[in-house]
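Enquirer: Sequence and computational prediction follow.
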Amino acid sequence: MKKKGSIIFWTIVLVVVLLAAYSIIYNNKSRQQGERIQAPKVSNSTSVKQQSTTKEVVADFSLKDLNGKTVKLSDYKGKVVFLNFWATWCPYCVQEMPELNDAGKELAKGGNAVILAVDVNEPSDKVKKFVADKKITLPVLLDADGAVAQYFNISGLPTTVIINKDGILYD
């Protein structure tokens with residue numbers, strides 16, 4: 001009887017894993033076959049305008065930096081943009097931040113690329129303290145309501161997405 005229960009359990013686990021894999025593969029295929037990327041919903045902290053109807057072009061969005069200045073993705077037109085989604089509570093984010101900071105300095109020298117650290121769902125004072133304590137010099141943007149992270153389907157932190165100089169998202 002125990003063996004039969006074990007077989008049923010592992011069969012259910014296998015079916016769930018296969019369904020999850022199918023779902024992931026299907027979602028990637030539909031994105032690659034020309035599905036239009038939807039812009040994030042506009043809220044008080046985030047504004048967006050659709051730039052193109054082709055699926056690969058990322059919608060222009062704006063976020064506030066730590067000084068309250070509005071920064072738009074289009075401000076970096078012609079550059080490769082690395083959007084690093086992170087949070088101060090995430091140990092992996094904290095661990096990679098010094099390397100990202102160093103990489104950001106190197107990329108700034110060339111002027112052709114930039115790393116933008118996009119903090120997700122945290123108060124600005126907490127992020128400011130973290131940045132000051134860790135001596136982070138990367139541009140830090142606040143995705144206060146998580147709309148931009150949702151737009152990019154960010155499901156875990158840290159996650160980095162790359163947008164080429166033409167505004168096209170690398171998959």
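Expert: In hand now; what should we look at? Numbering: from 1, shown residues only.
Enquirer: Correct me if wrong: residue 113 contacts residue 78.
Expert: No: at 10.3 Å, residue 113 and residue 78 do not qualify as touching, with contact defined as C-beta atoms under 8 Å. C-beta: built from backbone N, CA, C; applies to glycine.
Enquirer: out of these two, which sits in the more crowded spot?
Expert: residue 113 (18 against 9; other C-beta atoms under 10 Å).
Enquirer: phi, psi of that one?
Expert: phi -150, psi 160 (degrees, to the nearest 10).
Enquirer: Now it: closest residue in space that isn't a chain neighbour?
Expert: Excluding the flanking residues, the one nearest residue 113 by C-beta to C-beta, 6 or more residues apart in numbering is residue 80, at 4.0 Å.
Enquirer: which ones are touching the one you found?
Expert: 112-114, 162-165 (C-beta atoms under 8 Å, 6 or more residues apart in numbering).
Enquirer: Now with 10 Å, please.
Expert: Each residue near residue 80 by C-beta atoms under 10 Å, 6 or more residues apart in numbering is listed here: 107, 110, 112-115, 162-166, 170.
Enquirer: ok, those vs residue 145, which is closest?
Expert: residue 163 (20.8 Å; C-beta to C-beta).
Enquirer: how close does that closest one get to residue 68?
Expert: Note on residue 163: its distance to residue 68, by C-beta to C-beta, to the nearest Å, is 24 Å.
Enquirer: Next: residue 84.
Expert: Taken as C-beta to C-beta, the span from residue 84 to residue 68 is 21 Å.
Enquirer: So between these two, which is more surrounded?
Expert: residue 84 (23 against 8).
Enquirer: about what we covered before: what residues are shared contacts of residue 113 and residue 78?
Expert: Between them, residue 113 and residue 78 share these contacting residues under C-beta under 10 Å, 6+ apart: residue 165.
Enquirer: State the pLDDT value of the residue nearest to residue 113.
Expert: The model reports residue 80 with a pLDDT of 96.
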